Structure formats: C-alpha cells, structure tokens
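In: Any chance you can model this:
(2 chains)
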2 protein chains.
Amino acid sequence: MNLREYLAGQQKLVDAELDRLVPPETAIPETIHRAMRYSLFAGGKRIRPLLCLEAARTVADEPPGITVPACALECIHTYSLIHDDLPALDNDDYRRGKLTCHKMFGEAMAILAGDALLTLAFQLLASMDAVCGGRKARMIAELAAAAGTVGGMIGGQVADLEGEGRPPEPALLESIHRAKTGALLRASLRLGAICAGADDASYESLSRYGEHVGLAFQIVDDILDVEASSEALGKTAGKDAQQHKITFPAVYGLERSRAMAGEECARAHEALAGFGARAGRLHELADLIVHRKS
Amino acid sequence: MNLREYLAGQQKLVDAELDRLVPPETAIPETIHRAMRYSLFAGGKRIRPLLCLEAARTVADEPPGITVPACALECIHTYSLIHDDLPALDNDDYRRGKLTCHKMFGEAMAILAGDALLTLAFQLLASMDAVCGGRKARMIAELAAAAGTVGGMIGGQVADLEGEGRPPEPALLESIHRAKTGALLRASLRLGAICAGADDASYESLSRYGEHVGLAFQIVDDILDVEASSEALGKTAGKDAQQHKITFPAVYGLERSRAMAGEECARAHEALAGFGARAGRLHELADLIVHRKS
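Out: Sure thing, here's the model as predicted:
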C-alpha cells in the first residue's frame, strides 16, 4: 500500500475512534459537545495520532488500546488551537479553511470547549481498560508535562507571546519552539512507546526521533507561513511577520531554514536506525512532514 | 483543638503543599507562574482540599501522599474561577476581594493560567510516588469526570449560561448545581477515599455525604449572593439576580432555601453514620459550610 492510501486509512481509523470516545452531539448540554466536535472534526491532519500509532507499532504489532492515547493527543492539540485562536490570543477567524470555534459558537463556548477537550484527554487515558494503571499514569504524566508550563506547550505559547517584537535570537527561537510544538510531538511518540511497553532503549530512540521531527515540523510551519497562500494553509498566512513573531525565516532566512529542516529530518531518520524495517512508516512520516505544502 | 484552630492549621498545610507542588515564580516563563500563583494564593478557603483530607482520615490515619489530590482539587477549582471570571463569561473584576486574574495579568495570560492549572492537577496526580498506578488512574478518571461536560463542572457551567433568563424550574436548577459545583465537591471526598484505599461501602458513604454537602454549599452560596454584601463576599454580590441566573432563592424563595440547606446538611450527617467518631471533622465541616457568612 502506498503512503497516501495508508495515511488515509489511518486518519479514518483515528476519526472513527474519536467519534466513539467523545460524547455525542446529543449529550446534554448539547452546545458544548457540538463545539468540541466542530473543532475536532474540522479536517486536522492527525499528525500526532499517526506518530503515536506508528511509534507503538515499532515496538509491538497491534498494542491493545493504542488508539486511546492517539485520540487523547488530538484532543490536546485541538484544545490548544481553539484557545490560541481566541481574540485575546492570536485572534484568528479561520482555521483549516473553516471559521474558528469562537466565531461559530462565541467566545464563552470556545473557552469552555477547549477546557473540555483538555479535561477529556486525561479522562480517556485514565479510563483505559487495555493497559495497567502504571502505564496509564506514565502516559498522563508525560502528556501533562508536554502540555504544561515548564518546557511544555503552554510555556512555549507564553514565551512566544512575550517574544513578539523582541530581537530574533537563535536560542530564544529554539526554546520557544521546542516547548510550543516540540514537546507535544515528542510526547506523541512517547505515549505510543509507553502504551506498547517499549524498553528504555526504544523509548529513548523514539523520543529522539520525536525531537528532530518536531523541530523540522516547526521550521516548515514557519516557512509555509511566509511562502504559502492563506488558501493553501486554510488559515491566515503571513501572520508571523505581521505580529513580529520570532520565526526560523526571521532568524536564519528562508534558504538556511530550508537546509535546517532537512538536517533535522536526517537526524530523525538516524534515530530510527535500531528499529530496521519496523520503523518504515515513521521514516515516511518524517519525509512527509518536511515536504508538506500546508 | 477547636475547629477554627484546626482548620487554620489544615489550611496552612494545604498552602505549604501547594507552594511545594506548583512551579515557583522564578520558573521560566515567569509570567505564567506568577499568574497561576496569584490566583492560587488569593485567599481561598480550601474547602475541597479539606474535604479530601478528612475523607481520607475517616479511612486511614495519615494516608501517604494525601496532600497531592487535595492540591490537585484546589488547582481545578482555581482554574474554574479564573476562566469563569473572564469577560466572555461572568466578567468579574474582583474575586476574594482582589482583582481577578485577567485584570492583573490580561486576558491571554488568564486563559493560559487556567489551562495550566487544569493541566497541572492531572500531572500532580499522575506523578505521585506514594500510591500505585491503579489508584492514580482512578483518581484522575474521577477528577476528570467531575470537571468535565457530562454531569461535571463544565457541563454545569454551560447549562448555567444557557439557563440565564429561562423560567426558574426546580429540575433545571438542581441539575445545573449538581454538575456545576456538586460534582467537584463529591470528587473531593472520593479522591480522599481512593487515595486512602477505602472499601466500597466507605466510598459510597463518603460520596453520599459529598452530594448532600455539595448541594447545601450551593444553596448557601445562592442565599449569600442575595443577602451578603460585596465586602463580606469579596466579590460582586447580587450578580445572580442581575444576570437572571436560576438560583435556589429565585425558585424557592429565601425561607424555603434556608430550610433546604438544613435538610441537605442533615442528610450529609446521616451518610457518615457508619464511621462513628472517625468522621468528627466531616460533621463539623458540614455545619460550617451551611452556617458560613461568605
């Protein structure tokens, strides 16, 4: 099966599992569940769930319950987008080509829908039947740290907001992005590894792959914000420069940024050396992340 | 030791533990940690932690690690206050006599500080050393459900917002309050019970106590909003009527509401019958909750 077909199938699997795990639109109070599902099913690429699933598969054939951490990661990612898009933060009207949650449901509901998805992520992990309490707790601790303030997503978001208009320095840039997007991408690999019962060596290799892929992902994101059209991105392009954000193109220029994305991608491949053929899809995903157009 | 001295000592214990468990103000990025701590240490009464601690003590003498779920509950409670006070929700400038988080740190930081406290609550529970993975997962599942959309805090908040201006009906009133404040208060007892290793019968008794105390708490809250001054409450009084909220006094009148609070309190006492003298402080806390003046 070629990669495109494979990914389409996997995205369908993730969507079906999200549909099963998230309360239906008819659950009371309906509005909040409509808002959560609106943003969850707004056409995300499911990169974090895919990384989680493939990490697990490098360790075991079909680890029981593996779709649950995959869905929990997507809940966290979606909550972060809903809150980032709010008027008080990035103030975006469009996301993935559709109106943002607060434009559809109002600010109050968007704040609460984000809160609800964050809460649900932990509830899903804690309620898993297929793995023991110890693994559940490890996954939750890792996910919460990756989403949190110290080196995690919220910390990166704060540093990003506070960095607007500051001199574009390489160290600040890297620390922001490691936290803002890198930590959750690395956690995607780690949750897959923990759920599948990886040994320490595999866990470390998958973490390293996740770090390099995470940085490559962010560099490409910054490049696309400069180069791609709003139409292709499904969100407002060129906002980084407009908001004087610290980005890779702003610090290194486009040419050097492209080369850096390639270097990070190469290191991601290297990290997988010990897995041989089992890591085939992770190799493909790294390439896909670097060469994507939106 | 009389109750007042005892409670002051317990509140000090909770405050010291929160100080130990929450990242310091010097942790990078500093602003978010300042905002989290500003709201956490703004003079809360620590009712949820106290209920958690005392529930555990009805089951075991000093259950290892019990201050961690107590602090996690306070993190969840504080996050909910920060987000509820936002302009898009209740739009309050004062809380516990101090400026609300968004008035001090701006809306963006208040949204993120709430998110961070919610995330931290689960991180603290998942990272506990003193209890096994199974108990950690049970506590997290219970806390997430109590904070969530289906019969939990967020669901209650949504129902409350959507209920503004609707005819004040008893069934709607009770369902809102069971979810909005009752679920987390009941979870306070349950987390204490789980952490201490309660058997099913004790768990059920403590849950029942929590339900009645929770309802009593909310009835008194609604009464105080009518009767007490803003000064005594440390927040704007009379807002419920102004926002046409569905409250106990609005549905039943003040007299009947007072009687109902007393009835719920009596049922809370009954639920503790099996514990004998071990539940002494829980009996006192029920009375305190009903007779409080702010």
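
In: The residue in the stretch 151-294 of chain A that chain B sits nearest to: what's it in contact with?
Out: Nearest to chain B, among the residues of the stretch 151-294 of chain A, is residue A:158, at 4.4 Å (Cβ to the nearest Cβ). Placement of C-beta: from N, CA and C, glycine included. Residues in contact with residue A:158 (Cβ atoms under 8 Å, 6 or more residues apart in numbering or on different chains) are A:149, B:29, B:31, B:32, B:109, B:112.

In: ranking those by neighbours, who comes first?
Out: residue A:149 (31 neighbours; other Cβ atoms under 10 Å in any protein chain shown).

In: Check the gap between that residue and chain B for me.
Out: Distance, residue A:149 to chain B, using Cβ to the nearest Cβ, to the nearest Å: 5 Å.

In: what stretches of chain A score poorly on pLDDT?
Out: For chain A, residues meeting the criterion pLDDT under 70 lie at A:230-233, A:235.

In: on that earlier part again, which pair of the contacts of residue A:158 spans the longest distance?
Out: Greatest spatial distance in these: A:149 and B:109, 11.3 Å, computed using Cβ to Cβ.

In: What sits closest to residue A:222 if chain neighbours are left out?
Out: Excluding the flanking residues, the one nearest residue A:222 by Cβ to Cβ, 6 or more residues apart in numbering or on different chains is residue A:247, at 4.0 Å.

In: Contacts only, for that neighbour.
Out: A:168, A:173, A:222, A:225, A:226, A:240, A:241.

In: can you map out the strands along chain A?
Out: Assigned by DSSP state E, chain A shows strands spanning A:94-95, A:98-99.

In: Need the winner for burial among the ones you listed.
Out: Highest mean neighbour count among the strands of chain A (mean count of other Cβ atoms under 10 Å in any protein chain shown): strand A:94-95, with a mean of 20.

In: Run through the neighbouring helices and strands of that strand.
Out: Under the contact definition 3 or more Cβ pairs under 8 Å, 6 or more residues apart in numbering or on different chains; DSSP states H and E, strand A:94-95 sits against no other helix or strand.

In: Just give the number of residues close to residue A:42.
Out: Each residue near residue A:42 was counted by other Cβ under 10 Å, and the total is 19.

In: Quick check: the gap between it and chain B.
Out: 18 Å.

In: Hmm, that residue is touching residue A:103, no?
Out: No - applying Cβ atoms under 8 Å as the test, residue A:42 and residue A:103 come out as separate, 11.8 Å apart.

In: Quick check: residues of the stretch 151-294 of chain A near chain B?
Out: Residues of the stretch 151-294 of chain A lying near chain B by Cβ under 8 Å from any Cβ of the partner chain: A:152, A:154, A:155, A:157, A:158, A:159, A:161, A:162.

In: In helices only, show me those.
Out: If you go by DSSP state H, those have A:154, A:155, A:157, A:158, A:159, A:161, A:162 in helices.

In: overlap in contacts of residue A:149 and residue B:109?
Out: A:158, B:32.

In: Could you double-check that residue A:159 lies in contact with residue A:177?
Out: No - if you go by Cβ under 8 Å, residue A:159 and residue A:177 don't touch, sitting 9.4 Å apart.

In: just checking, residue A:194 touches residue A:203?
Out: Yes - judged on Cβ under 8 Å, residue A:194 makes contact with residue A:203 at a distance of 7.4 Å.

In: quick one: which of these two has more around it?
Out: When residue A:194 and residue A:203 are compared on other Cβ under 10 Å, the one with more neighbours turns out to be residue A:194, at 29 against 19.

In: List the contacts of that one.
Out: The neighbours of residue A:194, taking Cβ under 8 Å, 6+ apart as the test, are A:69, A:135, A:138, A:139, A:142, A:203.

In: Centroid-nearest residue for chain A?
Out: Centroid-nearest residue in chain A, with Cα atoms, centre = their mean: residue A:48, separated by 4.7 Å.

In: any idea how far it is from chain B?
Out: 16 Å.

In: and if you look at residue A:130?
Out: Taking Cβ to the nearest Cβ as the measure, residue A:130 falls 12 Å from chain B.

In: for that residue, what are its contacts?
Out: The contact partners of residue A:130, by Cβ under 8 Å, 6+ apart, come to A:64, A:65, A:68.

In: likewise residue A:270?
Out: Residues counted as contacts of residue A:270 (Cβ under 8 Å, 6+ apart): none.

In: same thing but at 10 Å, please
Out: A:205, A:208, A:209, A:212 (Cβ atoms under 10 Å, 6 or more residues apart in numbering or on different chains).

In: returning to that earlier point: overlap of the contact sets of residue A:194 and residue A:203?
Out: With Cβ under 10 Å, 6+ apart as the test, residue A:194 and residue A:203 both reach A:55, A:59.

In: ok, which stretches of the stretch 51-200 of chain A are helices?
Out: A:67-84, A:101-105, A:107-126, A:133-147, A:153-163, A:170-177, A:183-196, A:200-227 (DSSP state H, counting those that start in this stretch).
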